[in-house]
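Engineer: Generate coordinates for the sequence data below:
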Amino acid sequence: MVTGFTATEYGDFLIAKLNDPYYNTVKVLDWEIVAGVQSFRTTGTLSTQAGSTTIHGNFTEFGNFSQGDEIIIGNTTFTIDTIVTQIELTLTEAPDFTTTGIEFYTPTTENNLFEYQYRWSTDNSQFSELRPLNRSQGFSDLMGLTFDPTKPLWIDVRAEVSAITTGYTISIISVTYTLETVESLSSKYIFKVVSPSVVLQIIIS
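Structural biologist: Numbering: from 1, shown residues only. Model (predicted):
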């Protein structure tokens, strides 16, 4: 079942769509999707202070983690340095943001994983066929395409659960594209599932 941008079962899928297109785009130079897993290890919420490596939890059970484990806060992956108590830990690197009551995740693994496809359009109506999203530069690959910069560009990402552990959930957290435009090379444009600029269209298989 899919709720919001979170899936719970093998074969579930969802599509992340842009509200507004990109303009003046020639090529997609790179992309990054941050997806996270939640389970019994990620109960509760976190509070962070910009510049501090100390993380405070609310109803957390940090004893489920060990030094060197990774967690995702926001859309950034951090490495745990020390477990102080069930509600306090330290990171090897300090976040550059302050937040309170935020959920957190662990990174995806081969046992909890999405497979991604993409499609594109210049009118948000007629789309290309869905194709695997990878970093190859072949004829049918996203990074191998050249777009008409005089037309708007919409890119959809379809995420399908290809593996999941019983009782776990897996979520899309953010999607980032690096674009080559006619105005500047390697300009970075970011859209996030949690931002107002993105509609997450939920389709349940």
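
Engineer: can you give me the end-to-end distance of stretch 4-21?
Structural biologist: In terms of CA to CA, to the nearest Å, the two terminal residues of stretch 4-21 are separated by 22 Å.

Engineer: Distance from that stretch to the middle of the chain?
Structural biologist: For stretch 4-21, the gap between its own C-alpha mean and the chain's C-alpha mean amounts to 11 Å (CA atoms, centre = their mean, to the nearest Å).

Engineer: do stretch 170-182 as well
Structural biologist: That offset, for stretch 170-182, works out to 8 Å (CA atoms, centre = their mean).

Engineer: May I see the buried residues of that stretch?
Structural biologist: Using 16 or more other CB atoms under 10 Å as the test for burial, stretch 170-182 gives 170-175, 177-181. Every residue, glycine included, has its C-beta placed from N, CA and C.

Engineer: Flag the shaky bits of this protein, pLDDT-wise.
Structural biologist: 184-205 (pLDDT under 70).

Engineer: domain assignment for it?
Structural biologist: Using automatic domain parsing, the domain parsing of the chain gives 2-35+110-203, 45-102.

Engineer: Just give me the neighbour total for S125.
Structural biologist: 7 (other CB atoms under 10 Å).

Engineer: Checking it next. Helix, strand or coil?
Structural biologist: Of the three states, S125 takes coil under DSSP: H, G, I helix; E, B strand; the rest coil.

Engineer: So what does it look like in phi/psi?
Structural biologist: phi -130, psi -60 (degrees, to the nearest 10).
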